[in-house]
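Undergrad: this one's structure only:
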């Protein structure tokens, strides 16, 4: 059986997933056979060029013409486009893979998760960092209890692409389209890894900050207001009793894509940086300091599909891993994680952080 895949969106994430779909048969021979069937977008000329470059058989300018005819629908559009096409596809019985954050608002995320429950087909939210081999290895260590009782969790995601006040306005600067700024764009990833590795969050205290209130429109003389946060920080308490701090910024000068997770327990600690994604720093009880482990052995998660030990993988390989898992779930009508339920859980935490900033107090999760 060959799975026909329809993809909405052909820019950053469209390229990443098209590349992953192309790599699957080369490196994951047990993956389902996949056809890049149809690419969806609004600009017919740009769409035709993208479909040719990314290897899609056909194009469509309306997702409504696609969702009934494909075996899986990938929603890689801007945040405000996530809900309606995804819900419609699920109601048509089509599995959906959606970019993160699941939606711009908690209400929309709840509607999407409800649709996924009713549809009873695989749904996926694109938290690709779960599929980094070093993160999978960290998960194994934590599940075996090798770090003991977890006391501290620290997560940060730092970028600097908006430091220049003349950097042009985009949909990511608009609350109606994006929902939030650094909080949803970057913080969603951190929140998901915290849940994946350390457990559920009980309550939060957050602060949001916008540094530049308006930005120039590219190719013109006008400016548009920035209606989302440029950075956030948060304190969290987990259901386990562990405490933690989270932050993200698009103003962190000198940081290009620095996603870092640290976990300290009673018997050891670990830390991971996306900028060194083949490595996990690990301290076990009795060690004098951290040991840097290169997570590229053939028995490490997913690594046997790639290169000999020590031959590192990159950011793009995480998309291959998550596509392999999602499409395998579609083929077998099985379950996939992170699901829309995971996307909703992350959205609840993001909404609580924003509410805490507005109210100036701790906010408990339901």
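TA: Nice, I can see it. No experiment lies behind these values; they were computed from the predicted model shown.
Undergrad: So for the helix or strand hosting residue 116, mean pLDDT?
TA: Here residue 116 sits within helix 106-119, counting by DSSP states H and E. For helix 106-119, the mean per-residue pLDDT is 98.
Undergrad: likewise stretch 196-211?
TA: pLDDT averaged over stretch 196-211 gives 98.
Undergrad: how long is it end to end?
TA: 31 Å (CA to CA, to the nearest Å).
Undergrad: Would you state the strands of the stretch 101-250 of the chain in chain order?
TA: 123-125, 150-158, 201-209, 214-216, 223-225, 231-238, 243-249 (DSSP state E, counting those that start in this stretch).
Undergrad: deepest of the ones you listed, which one?
TA: Mean neighbours per residue, mean count of other CB atoms under 10 Å, is largest over these for strand 123-125, with a mean of 30. The C-beta positions use only the backbone N, C-alpha and C, and glycine is treated the same way.
Undergrad: List of residues touching that strand?
TA: Residues outside strand 123-125 that contact it (CB atoms under 8 Å, 6 or more residues apart in numbering) are 90, 95-100, 102, 116, 322, 326, 329, 336, 338-340, 342-343, 346.
Undergrad: try 6 Å
TA: Residues outside strand 123-125 that contact it (CB atoms under 6 Å, 6 or more residues apart in numbering) are 96-98, 100, 102, 116, 326, 336, 338-340, 342-343.
Undergrad: Name the strands paired with that strand and say parallel or antiparallel.
TA: In the sheet, strand 123-125 lines up against strand 96-98 (parallel) (DSSP bridges).
Undergrad: and the strand it pairs with, average pLDDT?
TA: For strand 96-98, mean pLDDT rounds to 98.
Undergrad: again, but for stretch 292-300
TA: Mean pLDDT, taken over the full extent of stretch 292-300, equals 97.
Undergrad: which of the residues in that stretch are buried?
TA: 293, 295, 296, 300 (16 or more other CB atoms under 10 Å).
Undergrad: do stretch 4-18 as well
TA: Residues of stretch 4-18 classed as buried under the neighbour-count rule (16+ other CB under 10 Å) are 5, 6, 7, 8, 9, 10, 13, 14, 15, 16, 17, 18.
Undergrad: what would the contacts of strand 123-125 look like in CSV with neighbour count and distance to residue 255?
TA: Converted to CSV, those look like this (neighbours: other CB atoms under 10 Å; distance: CB to CB, whole Å):
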residue, neighbour count, distance to residue 255
96, 29, 33
97, 27, 29
98, 29, 27
100, 23, 20
102, 37, 26
116, 26, 34
326, 25, 30
336, 21, 31
338, 25, 25
339, 20, 30
340, 29, 30
342, 22, 26
343, 28, 26
